[in-house]
Structure formats: C-alpha cells, structure tokens
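Sequence first, then the predicted structure, then my questions.
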Amino acid sequence: MSTKIKLEHVSKIFGSKPKSIIPKIKAGMEKDQILAETGHTVGVYDASMDIKEGEIFVIMGLSGSGKSTLIRCFNLLNKPTDGSIFIDGEDIVKFNSSQLKKIRQEKVAMVFQHFGLFNHRTIMANVEYGLEIRNISKEERREVAQKNIDIVGLGGYEDKYPDELSGGMQQRVGLARALANDPDILLMDEPFSALDPLIRREMQLELLDIQDRLQKTIIFITHDVNEAFKLGDRVAVMKDGKVNQVDTPEAIIENPANDYISDFIKDIDRSKVFQAEHVMIKPNALVSMKDGLNVARKEMEENGISSVFVVDRQRHLKGIVTIDDAISGLKEKKSLEDVLRDDVTVVPKDEYINDIIPKALESSFPLAVVNEEDKLVGFILRVHVLSGLVSDDVSESDEYHG
Ligand SMILES: Nc1ncnc2c1ncn2[C@@H]1O[C@H](COP(=O)(O)OP(=O)(O)OP(=O)(O)O)[C@@H](O)[C@H]1O
C-alpha cells in the first residue's frame, strides 16, 4: 500500500506565542510545566507517521491526550505550529486558502461525534449539502445522495428530519454526508462515542463493511481500546500530546512500547484482536497422498505426534490421519486413503479467535488453517484455544503437530 498521508514532526501549541514553546519542549520541559510557566498548552508535540492508502488508522488516547488536536491538523482546521503534513505528496501546511477549500471539499471529509447535522434540513438535504456548495446540479446531487443514503442503510428515510431518527441513524446520515463528496480520506472524530453500546457495535461492523466496499483512507479517533483494536489496521497511541507507539493491534499487544501502553491494553479482549494466523502453528510434518500410510506413520513416530494432516500436491487439505489408525491400518494392509479422516475443521487464516473457540470445542482434531487459495498454512490446537487462548507459549507445545 502506498503512503497517502505523511506527518513529519507535527506540533500544535495553543497560546499567544506558540513557536517560542518548541525549543522549550526540545529542551525537555514537560506539558504541565509549560502551561504553568508560559500559559501555553501543548496539544500535540512532534507527531510523525505514515498513513497508507486504504487503511483504517486509529488514533487512541485518553481525554486530553491530543487526539482531536491532531485529527484537526489533517484538514488544517488546526494549523500546525511546526512540521509538515503531506497528502498525496503535497505539503498542505503550505496551501493557500483556495487550495485548502478545494481539498476540504473534494479530498478530505469529516464525521463528527455529535453528528453535526442540520436539523431544519431533511436527511436527503443534509446528505446533498456538500454537493450543493460545490454547485453540482440538482439531478446529480439527488442521485449521488441517494446512492450514499443507500450505502449507509437509510433508504426510505430521505424525507425525515434528523430529530426523527435515533442516534445511530443520525450518525449514518453524518457518514453518508461525508461520503457524498467521494473523498479519498475520511476523518472520524469519536464518531460512535455518543451511541449506546449495542448501536455502537452495530456501527463498528457497518463501518468495516462499508470500508471493505469503498476502500477509503480512514483516520478514526477513539479513547476506547477495544474499539481501536477492532477497527484499526494500525493504531497510534497518544499520551500528553505525544505519539507513544504506532503499530498493528497485534504488534502493540505483543510488544507494548512502554508501561503506559501495557497498562492501557491490559483489559483488551485478545480473542477479538488475534486472528487464526497469529496463533497458528506451522506444521513441521505434512504428508502427501502419494506418500502412503507407512510414511505417515514414520512422520508421526519421528516427530512424536499423534496425528498428521494429509495434503495434495498443491497443499490443499485432504484430511487427517491418526497414529492409531495408521498402525492398525498397516496391519490390515489398508491404504492411506482408507484410514483418512475428513472431519477436520477448517478455518480461514483471518478468522478471529473469538469465532474459533466454539469450533475448537466441537472438533476432536486440531483445526486446520488455510489461506486465500485454500492451502494449508498452519493449525491450531484445541487445548491452546481453551487454555488462555493466545498465551505466549502457544508455539512451544509439542502435544500435537499437524
Ligand atoms: N483551542 C484550544 N485552545 C487551547 N487549548 C486547547 C485547544 N484545543 C485543545 N486544547 C488543549 O490541547 C490538549 C489536547 O486536547 P484534545 O482535545 O486534542 O485532546 P483529546 O485527546 O481529543 O481529548 P478528548 O477525548 O477529551 O476530546 C488539551 O490539554 C486541551 O485542553
């Protein structure tokens, strides 16, 4: 994926002489001391990051950590005190007002926490708004707005007014309005935090679904670590105006950059973050149909394992054979095919552990993990899914091998 947005050493200081504060921070002065001695507030300090085209990039942090200040820099609602922001390679901090107007109308759209809808306008007229100020013709406006109302699942509500809709529905209108200008970049500042938990979960799934279809570059702000890790392809963790870590949810959980982040993520539900490919074990023994039963038995004996997966030449799974079946099958002069069991549960490599648990409970064999081409890439042991899910020792087990 190519870089869509690049931040280089972006700082935003609030106060009468913001630039004078930068050297003080460089010299190691902390945010509290700066406020006490100079009356300036450090909103964001020295943020650098690359955001890739088509990713959901989450900025997470507690209240006051600088998330909103930072996201408002992406469309220059906040002009950085220092640093550069490149969108598609152009430094927007240097843009004049007409360039800025264009980029806000056409390339970057924002969805707000409290929806920001016009209460005197119908849903249709709210969604049409951005197109209207760009002087798009009435017919085209209607067509584009209708398409986006349908995308967010609000077909049939076009003539209602915002206060006739629930919070979740109002936020869908906010999303449709942002999408109507077909922006490359969507800025979402705590869009779901005013919603109750059930609606919030529904909206999270809806956003993932819409993103699958539209592939925008999304910057999403939240203070909720579970939301961050559920939605984010990558997550930036902020504290006191500074970006502490930028990485994938899995990498942050495995290697938190400092104690603050360890503390932040201790309540995370790992089963909703880790996917099959993160916890699977790569098989060190595999048997192909043409190898035959004797080879299968040897593989199991030499590796000290009680079952082995059988694949074809393309590594597609054919089934599993157990050591007991292999030994008795050989005595009875049976072939590998005769004793092959096909009741193996197969899971795609991007399936969440949360969804794998019930399958593991039902299966008497290790679960087979396959890639997009349906090739066997690993396996997951029932015992590990059940005991602490994705504990660090998962790869050290020698109880079974596939
Ligand atoms: N316009 C402003 N003038 C002065 N200080 C500001 C301004 N906007 C934000 N700040 C300060 O900058 C710091 C970061 O605030 P910001 O709103 O970005 O945090 P946040 O992480 O988004 O918090 P929240 O989740 O509560 O919105 C805070 O200390 C805040 O008081």
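Sure, I can see it.

From here on, just use CA atoms for contacts and neighbour counts.
OK.

In the stretch 201-350 of the chain, mark out all the strands, start to finish.
Per DSSP state E, counting those that start in this stretch, the stretch 201-350 of the chain carries strands over the ranges 217-222, 234-239, 242-247, 287-288, 307-311, 317-322, 346-348.

Can you lay out those strands as TSV showing mean neighbour count, distance to the ligand and mean pLDDT?
Output for those, formatted as TSV (neighbours: other C-alpha atoms under 10 Å; distance: least, C-alpha to the nearest ligand atom, whole Å; pLDDT from 0 to 100):
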stretch	mean neighbour count	distance to the ligand	mean pLDDT
strand 217-222	24	7	96
strand 234-239	24	8	96
strand 242-247	19	10	96
strand 287-288	22	54	92
strand 307-311	25	50	93
strand 317-322	22	49	94
strand 346-348	20	36	94
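
Can I get these in TSV including distance to Pro18?
Formatted as TSV, the strands of the stretch 201-350 of the chain follow (distance: least, C-alpha to C-alpha, whole Å):
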stretch	distance to Pro18
strand 217-222	25
strand 234-239	20
strand 242-247	16
strand 287-288	67
strand 307-311	64
strand 317-322	63
strand 346-348	52
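
so which of those strands gets nearest Leu340?
Smallest distance to Leu340 across the strands of the stretch 201-350 of the chain (C-alpha to C-alpha): 5.2 Å, for strand 317-322.

Break the protein down into its domains, please.
Split into domains by automatic domain parsing, the chain comes to 3-107+183-268, 277-396.

wait, which of these is closest to Glu158?
Closest approach to Glu158 among those (C-alpha to C-alpha): domain 3-107+183-268, 19.3 Å.

From the chain's centroid, how far away is the closest one?
Here the centre of domain 3-107+183-268 is set off from its chain's centre by 15 Å, with C-alpha atoms, centre = their mean, to the nearest Å.

That one: end-to-end distance?
End-to-end span of domain 3-107+183-268 (C-alpha to C-alpha, to the nearest Å): 29 Å.

try stretch 12-22
Start-to-end, stretch 12-22 (C-alpha to C-alpha) is 9 Å.

and what of stretch 134-141?
10 Å.

Show me which residues of that stretch are buried.
Arg141 (16 or more other C-alpha atoms under 10 Å).

Name all residues that make contact with the residue lying closest to Val246 once chain neighbours are set aside.
Using C-alpha to C-alpha, 6 or more residues apart in numbering and skipping the chain neighbours, the partner closest in space to Val246 is Ala236 (4.2 Å). Each residue near Ala236 by C-alpha atoms under 8 Å, 6 or more residues apart in numbering is listed here: Phe57, Val58, Ile59, Met60, Val243, Asn244, Gln245, Val246, Asp247.

Tell me which two in the residues you listed are the farthest apart.
Phe57 and Asn244 (14.9 Å).

Show me the beta-bridge partners of the residue nearest to Val246.
Ile59, Val246 (DSSP bridges).

mind checking how far it is from Ile252?
Taking C-alpha to C-alpha, one finds Ala236 at 10 Å from Ile252.

and if you look at Asn181?
For Asn181, the distance to Ile252 - C-alpha to C-alpha - is 34 Å.

Between these two, which has more neighbouring residues?
Taking neighbours as other C-alpha atoms under 10 Å, Asn181 and Ile252 compare with Asn181 leading, 24 against 20.

In space, what's closest to that one - neighbours in sequence excluded?
Nearest non-adjacent residue to Asn181 (C-alpha to C-alpha, 6+ apart): Glu106, at 6.1 Å.
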